[in-house]
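Chemist: Sequence first, then the predicted structure:
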Amino acid sequence: MSDFLSRLNDPQRAAVTLPAVHALVLAGAGSGKTRVLITRIAWLIATGQCSPHNVLAVTFTNKAAKEMQARLATLVPVNTRSMWIGTFHGLCNRLLRAHHREAGLPAQFQILDAADQLAAVKRLLKNLNIDSERFPPRELCYFINAHKEEGIRAAQAEAFDDHTRRRVALYAEYEAQCRREGVADFAELLLSSYELLSRNEPLRRHYRERFRHILVDEFQDTNLLQYRWLKLLAAAPENGADAGGAKLFAVGDDDQSIYAFRGAKVGNMRDFEREFRVENVIRLEQNYRSHGNILDAANAIIKNNRDRLGKNLWTDTGAGEPVRVIEAFSDADEARMIVEEAQMLMNGGPEEGEAPLAPDQIALLYRSNAQSRILEHQLFSAGIPYRVYGGLRFFERQEIKHALAYLRLLTNPDDDTAFLRIVNFPTRGIGMRTVENLQAGAAQTHSSLYNAAAGEGRGGGRSAASLAAFVRMIEEMRKQTQNLPLPQIVAHVLAASGLRAHYLAEKEGQERLENLDELENAASNFVSESGWIEDEAQAAAETSGISALTQFLTHAALEAGDHQAGEGQAALQLMTVHAAKGLEFDAVFVTGLEQGLFPHENSVTERDGLEEERRLMYVAMTRARRRLYLSWAQTRLLHGQTRYNLPSLFIEEIPAALLSTLNTISLKPRPDREETFRPSAKGREGNATGALPQGLRIGQNVSHPKFGQGVIVAAEGSGTESRVQVNFGSRAGTKWLALEYAKLTPL
DNA sequence: CTGCAGCGTTTTTTT
DNA sequence: AACGCTGCAG
């Protein structure tokens, strides 16, 4: 036990060995925060201060939760499966399954993922004859989720204008629809669980007595509802007196809050400190990850943000390499130079005798997924293995969603979302007209679509025959799979639904077929991996008859991202900056550092948008251990057209002394590409623009007395009529200027 | 009812 | 460029 304490530095040990008090650990990037949290749990258990039973540990991603379980198991001999370690959603789901009656949910309630929710909202609008131009479904989803995440039901939602009143009414309709169909969206898991605990006093008391210690990782990413959920279990002191309940141990970094755009509230850190009278704020400021120059550069950037809790990372590992800047003429050049540089690192670096880097120790990061394509192209040409994270995830693929919908309908005939997804897929002659009639009928009798279809089928008529056939097929499936083990249920459904046959007949169906096979595998693995879990909530769930199928479907909804092929192979790592949070690499390339892309142009319209972009940049840079590259391209193909860009503000925010602009020519001469290394070199402009005087051209950097530095992005007219469009970056935006009057100085 | 052509949109993302 | 959705012709 003292063994795992001895490996900690002083503040880390201080945090781990705090007595049973509320505590906040402000931990910078690479300072060992997750380690502190895990060691804290191990220490509490090893010293006999509590049993695993008394611990609740919560994170945001399944990956982090699994890592926590695995690392904890190496420190203390406990069965981590029996512990409450998981994501907010996972734990809330567990609570709701165990107490579904009290929560007012059916035992087999299904979980709607974001796509399901959107489909449900669209269907709602259609049924109510609402113009989806005036009430865009996406926006309505956002409206609903934002309210739920603030703990606000439709009945309590405020509206001061007609449009909002309508949206609140739709929110109410949506709630009713979900209840009718026995489904819960992600936010609903949290809200229902919160309401369950807040209105059911005996239950709340039970869990309050059970959990003595609640530990939260990435606390800066919690939203209001999650924080309130935590407050129900770990009561804040009242009138200075301890209110009982668990002790809350929160770990986080306000500088790494990058999810405000979806409701995360950094302010929770300050609120926690105040409301819980936290006397123990421990700062972990020693970084064990990055070399000095990298850290200094990251610190230089983040200090431009106001309103920080304050913290300065340091390291004793030496300055290391300067941060390299790669300037490219085009996105293609940028990609080529990056790939070349990465290739060099894998071959042993520029210095004599430098150790080669493993490909999976090199990461290519970007602001948006669309940027991966061109990097992939260059990597592919160079024959370098790479792996792209993110993008479409396994359980979100259409063939998988279709298969799951059949399974869902077997479990719960009221699931209209599932019904609509598959009633005519593969196509079986049930068109929109038939479905609309069915929906009208179902609405009148207040029954689900499936029940309506079963009734309709008995009736007779032309479209009734095909509906009856569909219902017969589902019933037959239900009968055939009744007592089968899960993997065989899945196999049977894939065949009997006609999904397999459909993709077999499709020209491009090969990959989809493989994914269906993979779904069968996933079902097998799920059965063999989920051993009996000894836990009262789980036991309660089991006895109330939660089938293996329901558990599998829940797993599919909550852990959609966990099924990525090609894991563990030596390959270059490509991902968005968001996806890179929590990871580290020897060498990191942060790409596309251009005004409008990173920081993203849409961020300027959001409150504190630029600050969040800056935190994102901070996260990106602090992923690097030894080498950090920042690249930008003067032109980039976006949405099918070429855009001209200025270098990102963030490059300017780094002291020049820490930077070194990479000159690939001196490292590896390639005279045939020389011109592409200088953004200021004469370029390949001239797509049908008017003749411009005095050496002005598209892509030319110019200076304007009022608007400052900019770049010419378009031109039209000639002579005294000619105008140019200039992008002045975030400060002044993009403007059309008449050349006759505007005083533009070429730079 | 089905399939296709044209249109509009396009950040980040976990659950 | 690429995908999804809508509207129209077969």
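Modeler: Okay, I see it.

Chemist: what ranges do the strands span in the stretch 601-747 of chain A?
Modeler: Taking DSSP state E, counting those that start in this stretch, the strands of the stretch 601-747 of chain A run over residues A:624-638, A:641-644, A:659-661, A:701-704, A:708-716, A:723-727, A:734-738, A:745-746.

Chemist: do the same with the stretch 1-150 of chain A
Modeler: All strands of the stretch 1-150 of chain A, identified by DSSP E, counting those that start in this stretch, fall at A:23-27, A:55-59, A:84-87, A:110-112.

Chemist: Distance from the chain centre to stretch A:93-104, please.
Modeler: Computed by Cα atoms, centre = their mean, to the nearest Å, the separation of stretch A:93-104 from the middle of its chain amounts to 26 Å.

Chemist: likewise stretch A:55-74?
Modeler: That offset, for stretch A:55-74, works out to 18 Å (Cα atoms, centre = their mean).

Chemist: Same question for stretch A:39-53.
Modeler: Offset of stretch A:39-53 from its chain centre (Cα atoms, centre = their mean): 31 Å.

Chemist: Any chance of CSV for the strands of the stretch 1-150 of chain A, columns distance to DNA strand C, mean pLDDT and mean neighbour count?
Modeler: Using the backbone N, CA and C atoms, a C-beta is placed for each residue, glycine as well. Output for these, formatted as CSV (distance: least, Cβ to the nearest atom of the strand, whole Å; pLDDT from 0 to 100; neighbours: other Cβ atoms under 10 Å):
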stretch, distance to DNA strand C, mean pLDDT, mean neighbour count
strand A:23-27, 39, 95, 26
strand A:55-59, 30, 95, 25
strand A:84-87, 27, 95, 21
strand A:110-112, 15, 92, 24
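
Chemist: Tabulate those in TSV, adding columns for distance to DNA strand B.
Modeler: Formatted as TSV, the strands of the stretch 1-150 of chain A follow (distance: least, Cβ to the nearest atom of the strand, whole Å):
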stretch	distance to DNA strand B
strand A:23-27	20
strand A:55-59	9
strand A:84-87	4
strand A:110-112	8
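
Chemist: Of all these, which one is nearest residue A:357?
Modeler: strand A:23-27 (27.1 Å; Cβ to Cβ).

Chemist: For that closest one, which strands pair with it and how are they oriented?
Modeler: Counting by DSSP bridges, the strands paired with strand A:23-27 are strand A:247-252 (parallel), strand A:280-284 (parallel).

Chemist: Render the CA-only coordinates of it in CSV, please.
Modeler: Only the C-alpha atoms of strand A:23-27 are listed here, as CSV (Å, rounded to 0.1, in the frame of the first residue of the first chain):
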residue,chain,number,x,y,z
ALA,A,23,-12.0,18.2,-2.1
LEU,A,24,-11.2,19.8,-5.4
VAL,A,25,-8.1,18.8,-7.3
LEU,A,26,-7.1,21.3,-9.9
ALA,A,27,-4.9,19.3,-12.1
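
Chemist: Name the residues that touch it?
Modeler: Under the criterion Cβ atoms under 8 Å, 6 or more residues apart in numbering, residues A:15, A:33, A:36-37, A:219, A:247-254, A:269, A:272-273, A:278, A:280-284, A:309, A:311 lie in contact with strand A:23-27.

Chemist: and the residue of chain A nearest DNA strand B?
Modeler: The nearest approach of chain A to DNA strand B comes at residue A:431, 2.1 Å away (Cβ to the nearest atom of the strand).

Chemist: I figured that residue hits residue A:424, correct?
Modeler: Yes: in this structure, residue A:431 is within contact of residue A:424 by Cβ atoms under 8 Å, at 7.0 Å.

Chemist: Pick out whichever of the two has more residues nearby.
Modeler: Ranked by neighbour count (other Cβ atoms under 10 Å), residue A:431 and residue A:424 place residue A:424 first, with 16 against 11.

Chemist: Residue A:402 versus the more buried one, what's the distance?
Modeler: 11 Å (Cβ to Cβ, to the nearest Å).
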